[in-house]
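Enquirer: Test case, fold it:
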Amino acid sequence: MGENEMSIFGVSEAEEEVYRHFLRNPGTATDDLHLLLRTDPRAARTCVDRLQALGLLHPEGPDLRVFPMDPEVAVARLIDLRLHALHQELQRVTRSRHVIDGLRAEQGARRPPPPGIEQLEGLDQIRDRIDDLAFFARDEILSVEPYTKLSAENIARSRPLDLRCLRRGVKIRNVVIRAALHDPATAAYLRELAENGAMIRVTEHSAERLLVYDRKAALVPLDPHDTSRGALLAHRGGLVRNIIALFEKIWDQAEDLSRASGADGGTPDDGLSEIERRVLVSMCTVGKDEAGARELGVSVRTYRRYVADLLQTLGAASRAHAALLARERGWI
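Expert: Next comes the predicted model:
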């Protein structure tokens, strides 16, 4: 049997054939389904049962006629189930470093531990290491970031990393300075993170810039005013604990984003739904529709429908015009 299109979601070729059958013939019975599959009735019944368990089929009425779930909803559900399974697998992998100790014991002598402090050179190396640390974070990410605004490029780069961590259940606590809320795109991005579970607080000003991953690794710049000069990545317990203590002091003195936003005018009264506001921010910061749809977890067709509605709502002739109008109105 050749590999079927839905195999990436763990759906077998026979199960996909059954689902497609009911898409073509909704509301039919399962009595002769085994003839379609050229198999025995028990195997056909097994396919139907699993598709019902996945939420792709559902019986209705006294005679239990079978109806299929809408493909867009069905695939979204399969993606959620697959991501959950991958998240659990990732947790098992990242918690398996104890295997190294057992393997080293076979060598008869333990190698010295890695150095406690690592110096990173250049922005590219720092960004690569941040990507790695965020990808493998399991519990918590702490950060103090004294930027006054984020560029569209920074938002496009950071959004998938941050949202992926939040979907995986990683707790994010982030402190920013109040001036960042004066930039509409930056403020909209921070609100989006908060709506997805991040805890964000605002301080009047801060010279500190730091990142802590799972309370085991802390990243600080060599020069807080010039991050391009490099950074130090600390693994030693005492150093990391001191950096965490500094973060907690800043955190305790900061104000919650919701109250800080309220003081600055709060969310604009634009009449948009949350998904519409997220699409608006995405279409102004992300280049391709495919990338925007992937970030929001919707199909490209649905994403483009939202874009078309937003263009009409804004009275814009193009996406660039829409971005300009949205910023003028303070919507993003």
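
Enquirer: Are we agreed that Q119 is in a strand?
Expert: Yes: assessed by DSSP: H, G, I helix; E, B strand; the rest coil, Q119 belongs to a strand.

Enquirer: Who does T203 form a beta bridge with?
Expert: As for beta bridges, T203 partners with I177 under DSSP bridges.

Enquirer: How about the contacts made by it?
Expert: Listed by Cβ atoms under 8 Å, 6 or more residues apart in numbering, the contact set of T203 reads V175, V176, I177, R178, I250, Q253, A254, E255. Glycine gets a C-beta too; all of them are placed from N, C-alpha and C.

Enquirer: List only buried entries from the residues you listed.
Expert: Neighbour counting over the contacts of T203 (16 or more other Cβ atoms under 10 Å) leaves V175, V176, I177, R178, I250, A254 as the buried ones.

Enquirer: Looks like D223 contacts R229 (just checking).
Expert: Yes: contact status for D223 versus R229: in contact at 4.7 Å, counting by Cβ atoms under 8 Å.

Enquirer: wait, which of the contacts of T203 is closest to E145?
Expert: V176 (5.7 Å; Cβ to Cβ).

Enquirer: Can you name the residues that contact that closest one?
Expert: Applying Cβ under 8 Å, 6+ apart, the residues near V176 are E145, P146, Y147, L190, I200, R201, V202, T203.

Enquirer: just E195 next, same as before
Expert: E274.

Enquirer: Next, work out how far apart it and L37 are.
Expert: Noted for E195: a distance of 45 Å to L37, by Cβ to Cβ, to the nearest Å.

Enquirer: follow-up on the earlier one: dump the buried ones among the contacts of T203 into a markdown table; add pLDDT as well.
Expert: Formatted as a markdown table, those follow (pLDDT from 0 to 100):
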| residue | pLDDT |
| --- | --- |
| V175 | 93 |
| V176 | 92 |
| I177 | 89 |
| R178 | 87 |
| I250 | 88 |
| A254 | 88 |
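
Enquirer: got those as JSON lines, with distance to L325 columns?
Expert: Converted to JSON lines, the buried ones among the contacts of T203 look like this (distance: Cβ to Cβ, whole Å):
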{"residue": "V175", "distance to L325": "32"}
{"residue": "V176", "distance to L325": "26"}
{"residue": "I177", "distance to L325": "28"}
{"residue": "R178", "distance to L325": "26"}
{"residue": "I250", "distance to L325": "37"}
{"residue": "A254", "distance to L325": "33"}
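
Enquirer: Mind checking which of the contacts of V176 are buried?
Expert: Among the contacts of V176, those classed as buried by neighbour count (16+ other Cβ under 10 Å) are P146, L190, I200, R201, V202, T203.

Enquirer: could these be laid out in JSON lines, adding pLDDT?
Expert: Below are the buried ones among the contacts of V176 laid out as JSON lines (pLDDT from 0 to 100):
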{"residue": "P146", "pLDDT": "85"}
{"residue": "L190", "pLDDT": "90"}
{"residue": "I200", "pLDDT": "93"}
{"residue": "R201", "pLDDT": "92"}
{"residue": "V202", "pLDDT": "91"}
{"residue": "T203", "pLDDT": "88"}
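
Enquirer: and which of the residues you listed is nearest H235?
Expert: Out of the buried ones among the contacts of V176, the member with the shortest distance to H235 (by Cβ to Cβ) is P146, at 24.2 Å.

Enquirer: so what's that closest one up against?
Expert: By Cβ under 8 Å, 6+ apart, the residues touching P146 are V176, I177, H205, S206, A207, E208, R209, P224.

Enquirer: Which pLDDT value does the model give the fifth one?
Expert: If you check A207, the pLDDT there is 65.

Enquirer: ok, which stretches of the stretch 1-150 of the chain are strands?
Expert: 57-60, 65-68, 117-120, 140-145 (DSSP state E, counting those that start in this stretch).

Enquirer: care to break this protein down by domain?
Expert: 5-73, 118-263, 274-328 (automatic domain parsing).

Enquirer: Quick one: low-confidence residue ranges for the stretch 101-250 of the chain.
Expert: Applying pLDDT under 70 to the stretch 101-250 of the chain flags the ranges 101-115, 207.

Enquirer: what about the helices in it?
Expert: Along the stretch 101-250 of the chain, the stretches classed as helices by DSSP state H, counting those that start in this stretch are 122-136, 152-167, 184-195, 237-253.

Enquirer: can you list the residues that contact the longest one?
Expert: If I follow you right, that is helix 237-253. With Cβ under 8 Å, 6+ apart as the test, helix 237-253 has contacts from 116-117, 142, 144, 173, 175, 201, 203, 206, 208, 210, 212, 215-218, 220, 234.

Enquirer: Describe which strands the next helix-or-strand element following it pairs with in its sheet and in which direction.
Expert: On the C-terminal side of helix 237-253, the closest following helix or strand by DSSP states H and E is strand 255-256. Using DSSP bridges, strand 255-256 pairs in its sheet with strand 199-203 (antiparallel).
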